[in-house]
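Novice: no sequence on this one, just coordinates:
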């Protein structure tokens, strides 16, 4: 499949903040995206706490393809394409559990937890002992870890995970290391379906604090984020990551519930641990392309594409590992109340993403109207004291979204070589 | 976990009690379908636990008790009376966009079986019922949710019975809708 690079470049005029909505609905662009975006970037697989013992596995997706992530006997983590080498059947159909082997239900090809093909029925009287089992293991995914977060990559030429995360890692630290002992994922995940394009959600978490005041007007715990005086910054990474950062004291989503005492104590501890702004900030973020979260609300999620106009949201609740059980329960209940398809905040996001998808699905004229990403156009990116990487000095803006699509375009038009991103523009201005 | 499975074919309650429980559910369903959310709070006990856990895909598990995890875990709904009141408050807001315009729902309740009446607490009925909820919204949005509810109904309240506990087993792993903006 070929899509003209000039045409794609015309569609994604990130410098002027105009995006052609066909990139959210076109089937050919979507198929190319699976190769160029999902095939080459680090994609979140699982957290350490989800697969603790040898043989523990978790089934997830990289782009639209199923993968199974397994804890090995030596404590390491490996991941495999969940597709049998014989006829392409799905080998593991459970979403989690503990396994000694994975047996394909079609002909019984059986793989070890290390992905190696260990036995096949009729090896002697059918295959005449001539099949080289060692050449027919499950397709291995490259796996790297950052502070308990395991990511997978289909591209051997991609840079290391830590290089890919870059300054984004510092922002993740502000959450992961905020409490002594780090974080863990609570058991289970919440999964639901949006008939829309995954990028509409990913870009929102990268940079869209703007929507909250209107979209979430009816949710009682929503802070007054439409207030003019929210002190905050936006972070953009040349790799496409983005975050909106604000002082946690100003965006304490939990301020009216019994977690307050715990959070106040945690903040005091973090101030001793960090000598910079990491102790102070809460954030919404997207690790390019499809891993997003809300620090402070204890929620993380992945936008799994299921086609140009369909994606699933897989959402997790995150707690501090050493928090008392009572605090973990409160965080979980708060997360259930606000996030997920029944979440008082998140259900109103679904309304937007799904109805936009419906308009693009049916529309002709609707596909011809370029979307406007011009908020904060001209706002310089630069360094700010106590923060890391390229940031603005505003909580509201669409710079992370423009940089998200800048990176998306860079990847979509890249050649065989893995495209190391160029530096971001406007790095000169420090206000 | 009590009551996820009905273990006997005969009812432990009289026809009259069975009738009262069924009428209670039909009344509740009409409240849901007529958007009378505040009225619904009158059917709910002050100490209610309203819970919809995710349904997991497990390979070797053949019982609800094995499939539904106990302990702290994520859930679609995990509410007490305070958070249910907030949900009802939200449902009444004109800026609650996923319910503006509101969903046209039809809650069908069937297979109402009293699973258990404990000797030590004859005023509490553990009731398992099935539901089918059809939703049509805006111009052409359609959702269909099937599942079971396991309730503890207690004698009391304004209408003779009140819901002290509700576990909702929705028959989907990945929810196939953009939201669950209605109650079950």
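Specialist: On my side now, so go ahead. This structure is a prediction, so every number in the text was calculated from the model and none was measured.
Novice: Go ahead and confirm residue A:210 touches residue A:396.
Specialist: Yes - contact status for residue A:210 versus residue A:396: in contact at 5.3 Å, counting by Cβ atoms under 8 Å. Any C-beta I mention is one placed from the backbone N, CA and C, and that applies to glycine too.
Novice: Apart from its chain neighbours, what residue comes closest to residue 77?
Specialist: As the question left the chain open, I've gone with chain A. Spatially, and ignoring its direct neighbours in sequence, residue A:77 is nearest to residue A:150 (5.3 Å; Cβ to Cβ, 6 or more residues apart in numbering or on different chains).
Novice: Let me rephrase: I mean chain B.
Specialist: Of all residues not flanking residue B:77 in the chain, residue B:52 sits nearest, at 4.1 Å (Cβ to Cβ, 6+ apart).
Novice: got a list of what that neighbour touches?
Specialist: Residue B:52 is in contact with A:342, B:75, B:76, B:77, B:78, B:167, B:168, B:169, B:170, B:180, B:184, counting by Cβ atoms under 8 Å, 6 or more residues apart in numbering or on different chains.
Novice: Likewise for residue A:88?
Specialist: For residue A:88, no residue meets the contact criterion (Cβ under 8 Å, 6+ apart).
Novice: Please repeat the previous calculation with a cut-off of 10 Å.
Specialist: Residue A:88 sits next to A:81, A:104, A:106 when contact means Cβ atoms under 10 Å, 6 or more residues apart in numbering or on different chains.
Novice: Could you tell me the per-residue confidence at the closest residue to the first one other than its chain neighbours?
Specialist: In space, residue A:81 comes closest to residue A:139 once its chain neighbours are excluded; the distance is 4.0 Å by Cβ to Cβ, 6+ apart. We note a pLDDT of 98 for residue A:139 in this prediction.
Novice: Also residue A:227?
Specialist: We have a pLDDT of 53 for residue A:227.
Novice: Are the helix or strand residue B:111 falls within and chain A in contact anywhere?
Specialist: Of the helices and strands defined by DSSP states H and E, residue B:111 is found in strand B:104-116. No - in this structure, strand B:104-116 remains apart from chain A according to Cβ under 10 Å from any Cβ of the partner chain; the gap is never smaller than 14.3 Å.
Novice: Nearest residue to the middle of chain A?
Specialist: A centroid search over chain A (Cα atoms, centre = their mean) returns residue A:291, at 0.4 Å, as the residue closest to the centre.
Novice: Next, the contact list for that residue, please.
Specialist: With Cβ under 10 Å, 6+ apart as the criterion, the residues that contact residue A:291 are A:41-45, A:149, A:151, A:202, A:205, A:241, A:285, A:300-303.
Novice: just the helices in chain B please.
Specialist: With DSSP state H as the definition, chain B shows helices at residue ranges B:15-33, B:37-41, B:64-67, B:81-91.
Novice: could those go into JSON lines alongside distance to residue A:318?
Specialist: Written out in JSON lines, the entries for the helices of chain B read as follows (distance: least, Cβ to Cβ, whole Å):
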{"stretch": "helix B:15-33", "distance to residue A:318": "33"}
{"stretch": "helix B:37-41", "distance to residue A:318": "31"}
{"stretch": "helix B:64-67", "distance to residue A:318": "24"}
{"stretch": "helix B:81-91", "distance to residue A:318": "20"}
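Novice: Any idea which of those helices gets closest to chain A?
Specialist: Each of those was scored for nearness to chain A using Cβ to the nearest Cβ, and the closest is helix B:81-91 (4.9 Å).
Novice: can you give me how far that closest one is from the chain middle?
Specialist: Computed by Cα atoms, centre = their mean, to the nearest Å, the chain-centroid distance of helix B:81-91 equals 15 Å.
Novice: what do you get for stretch A:366-381?
Specialist: Stretch A:366-381 has its C-alpha centroid displaced from the chain centroid by 23 Å (Cα atoms, centre = their mean).
Novice: what residues does stretch B:79-89 touch?
Specialist: Counting by Cβ under 10 Å, 6+ apart, stretch B:79-89 makes contact with A:218-221, A:257, A:333-334, A:336-338, A:342, A:344, B:37-41, B:44-52, B:77, B:96, B:166, B:181, B:183, all of which sit outside it.
Novice: Among the residues you listed, which are located in strands?
Specialist: Among those, the ones falling in strands (DSSP state E) are B:44, B:45, B:46, B:47, B:48, B:49, B:50, B:51, B:52, B:77, B:166.
Novice: Number of residues surrounding the first one?
Specialist: Summarising burial for residue B:44: neighbours were counted as other Cβ atoms under 10 Å in any protein chain shown, giving 21.
Novice: for the record, mean pLDDT for stretch A:326-338?
Specialist: In the prediction, stretch A:326-338 has an average pLDDT of 90.
Novice: One more: stretch A:123-131?
Specialist: For stretch A:123-131, mean pLDDT is 97.
Novice: Could you list the domains of chain A?
Specialist: By the assignment in automatic domain parsing, chain A contains the domains A:43-145, A:160-412.
Novice: Least confident of these, on average?
Specialist: Within the domains of chain A, the least confident segment by mean pLDDT turns out to be domain A:160-412, at a mean of 90.
Novice: what's near enough to touch the residue lying closest to residue A:407 once chain neighbours are set aside?
Specialist: Residue nearest to residue A:407 in three dimensions, not counting chain neighbours: residue A:240, with 3.2 Å by Cβ to Cβ, 6+ apart. Neighbour list for residue A:240: A:37, A:41, A:164, A:168, A:202-203, A:206, A:286-289, A:400, A:403-408, A:410-411, A:421 [criterion: Cβ under 10 Å, 6+ apart].
Novice: what do you get for residue A:81?
Specialist: Residue A:81 touches A:62, A:65-68, A:88, A:91, A:115, A:138-141, A:152, A:154, counting by Cβ under 10 Å, 6+ apart.
Novice: for residue A:373, same thing?
Specialist: Applying Cβ under 10 Å, 6+ apart, one finds that residue A:373 lies in contact with A:12-14, A:16-19, A:203, A:207, A:398-399, A:401-402, A:404-405.
Novice: mind checking how far it is from chain B?
Specialist: With distances defined as Cβ to the nearest Cβ, to the nearest Å, the gap from residue A:373 to chain B amounts to 22 Å.
Novice: what's the closest non-adjacent residue to that residue?
Specialist: Looking at residue A:373 with Cβ to Cβ, 6+ apart, the closest residue is residue A:17, at 4.0 Å.
Novice: could I get the contacts of residue A:81 as TSV with secondary structure?
Specialist: Listed next are the contacts of residue A:81 as TSV, based on DSSP: H, G, I helix; E, B strand; the rest coil:
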residue	secondary structure
A:62	strand
A:65	strand
A:66	strand
A:67	strand
A:68	strand
A:88	coil
A:91	coil
A:115	coil
A:138	coil
A:139	coil
A:140	strand
A:141	strand
A:152	strand
A:154	coil
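Novice: CSV please, covering those and showing distance to residue A:416.
Specialist: Formatted as CSV, the contacts of residue A:81 follow (distance: Cβ to Cβ, whole Å):
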residue, distance to residue A:416
A:62, 20
A:65, 21
A:66, 26
A:67, 24
A:68, 29
A:88, 26
A:91, 30
A:115, 27
A:138, 26
A:139, 20
A:140, 21
A:141, 20
A:152, 21
A:154, 14
